[in-house]
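K.L.:
for reference, the sequence and a predicted model appear below.
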Amino acid sequence: MKKIKKVNAAILIIGNEILSGRTQDKNTIFLSNWLNSKCGILVREVRIIPDVEKIIIKNVKNLSKKFNYLFTTGGIGPTHDDITAKSIAKTFKIKYGYHKEAYKILENYYGKKNFNDGRKKMAKMPITSKLIYNPSSAAPGFVTKNVFSLPGVPSILNSMIDNCKKYLVKGSKVHSKTLNLFTVESNISKKLGIIQKKFSKDVDIGSYPFFRLGKIGVSVVYRSTSLLKLKQVSKELNNLIKQKKLKTLKI
């Protein structure tokens, strides 16, 4: 599969249950990690929105234009408030109806006798969509333009994710290194800013405080598609350690 250097994506979490706090969002962590580590696709934005058609349409339209790919989760099930598929069809002005292949998959899975209206609803989507096959519960996700629509149930989404690969153009692999320092952020923030500015085109540097072994520390995480640039940043950070006489923590 062809690779290009920089490919990005956004994640749109759809569901009233997430916003109400009744359900914990686990999909953002899983998708971000999978896209970054397996596909070289950088996640640049995440939004959580309710099951409201106008809001879904507005966000899908905006994010699908802004990024190479958009991944939506939730709202493609059998209940009345599962309106993601219909909303995406309206976004791109594509006919919403039974997808022939999806209908056959679900009919075979449930059997004609048990294939009720709720289950049939899961075969409704933009009719020109490509399917993301589901090895767990049969109901497929779908790809419309550059939008990947997946279920909200984490275990089902996780089982389906590799079936998205064939539709993706991968980016260069993103390499990551972490340096754990026993210090406070304010003690190294100025120098980190200088290093980040020097390598701004090639390396992303982040600092994250932690508390371990009874001491306060900072994890410096730096990421790049270039191993050479990471090596150069490592040298800069080693100089910082020597200048500040800092102790490191290996995890």
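P.N.:
Everything's here; your move.

K.L.:
need the helices for the protein, in chain order.
P.N.:
Secondary structure of the chain, counting by DSSP state H: helices at 16-19, 27-39, 53-66, 84-91, 100-110, 117-121, 154-160, 185-198, 227-244.

K.L.:
any chance of these in JSON lines with mean neighbour count as columns?
P.N.:
From N, CA and C alone the C-beta is placed, and that goes for glycine too. What follows is the helices of the chain, written out as JSON lines (neighbours: other CB atoms under 10 Å):
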{"stretch": "helix 16-19", "mean neighbour count": "16"}
{"stretch": "helix 27-39", "mean neighbour count": "18"}
{"stretch": "helix 53-66", "mean neighbour count": "17"}
{"stretch": "helix 84-91", "mean neighbour count": "23"}
{"stretch": "helix 100-110", "mean neighbour count": "16"}
{"stretch": "helix 117-121", "mean neighbour count": "14"}
{"stretch": "helix 154-160", "mean neighbour count": "17"}
{"stretch": "helix 185-198", "mean neighbour count": "14"}
{"stretch": "helix 227-244", "mean neighbour count": "14"}
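
K.L.:
I'd like the ones you listed as TSV, with mean pLDDT and distance to V169 appended.
P.N.:
Formatted as TSV, the helices of the chain follow (pLDDT from 0 to 100; distance: least, CB to CB, whole Å):
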stretch	mean pLDDT	distance to V169
helix 16-19	95	29
helix 27-39	95	9
helix 53-66	98	15
helix 84-91	98	21
helix 100-110	98	24
helix 117-121	96	32
helix 154-160	97	19
helix 185-198	96	28
helix 227-244	96	22
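
K.L.:
Throw those helices into TSV and include distance to L213, thanks.
P.N.:
Below are those laid out as TSV (distance: least, CB to CB, whole Å):
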stretch	distance to L213
helix 16-19	35
helix 27-39	26
helix 53-66	42
helix 84-91	46
helix 100-110	52
helix 117-121	53
helix 154-160	33
helix 185-198	18
helix 227-244	18
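
K.L.:
now I57, nearest residue through space, not along the chain?
P.N.:
Nearest non-adjacent residue to I57, counting by CB to CB, 6 or more residues apart in numbering: T91, 4.9 Å away.

K.L.:
can you check what pLDDT the model gives L249?
P.N.:
Predicted confidence (pLDDT) for L249: 88.

K.L.:
so how many other residues sit close to V43?
P.N.:
If you count neighbours by other CB atoms under 10 Å, V43 ends up with 19.

K.L.:
what's the mean pLDDT across stretch 132-145?
P.N.:
Here the average pLDDT along stretch 132-145 is 97.

K.L.:
export it as PDB, just CAs?
P.N.:
These are the backbone C-alpha positions of stretch 132-145, laid out as PDB (Å, rounded to 0.1, in the frame of the first residue of the first chain):
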ATOM      1  CA  ILE A 132     -16.400  -2.700   7.200                       C
ATOM      2  CA  TYR A 133     -17.000  -6.300   8.100                       C
ATOM      3  CA  ASN A 134     -17.900  -7.200  11.700                       C
ATOM      4  CA  PRO A 135     -16.600 -10.600  13.000                       C
ATOM      5  CA  SER A 136     -18.300 -10.200  16.400                       C
ATOM      6  CA  SER A 137     -22.000  -9.400  15.800                       C
ATOM      7  CA  ALA A 138     -22.300  -9.300  12.000                       C
ATOM      8  CA  ALA A 139     -23.700  -5.700  11.700                       C
ATOM      9  CA  PRO A 140     -21.100  -4.000   9.500                       C
ATOM     10  CA  GLY A 141     -19.700  -0.500   9.800                       C
ATOM     11  CA  PHE A 142     -19.300   1.500   6.600                       C
ATOM     12  CA  VAL A 143     -17.100   3.900   4.700                       C
ATOM     13  CA  THR A 144     -18.700   7.000   3.000                       C
ATOM     14  CA  LYS A 145     -16.200   9.200   1.200                       C
END
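
K.L.:
residues contacting the residue nearest to I57?
P.N.:
By CB atoms under 8 Å, 6 or more residues apart in numbering, T91 lies in contact with I56, I57, V60, K61, S64.
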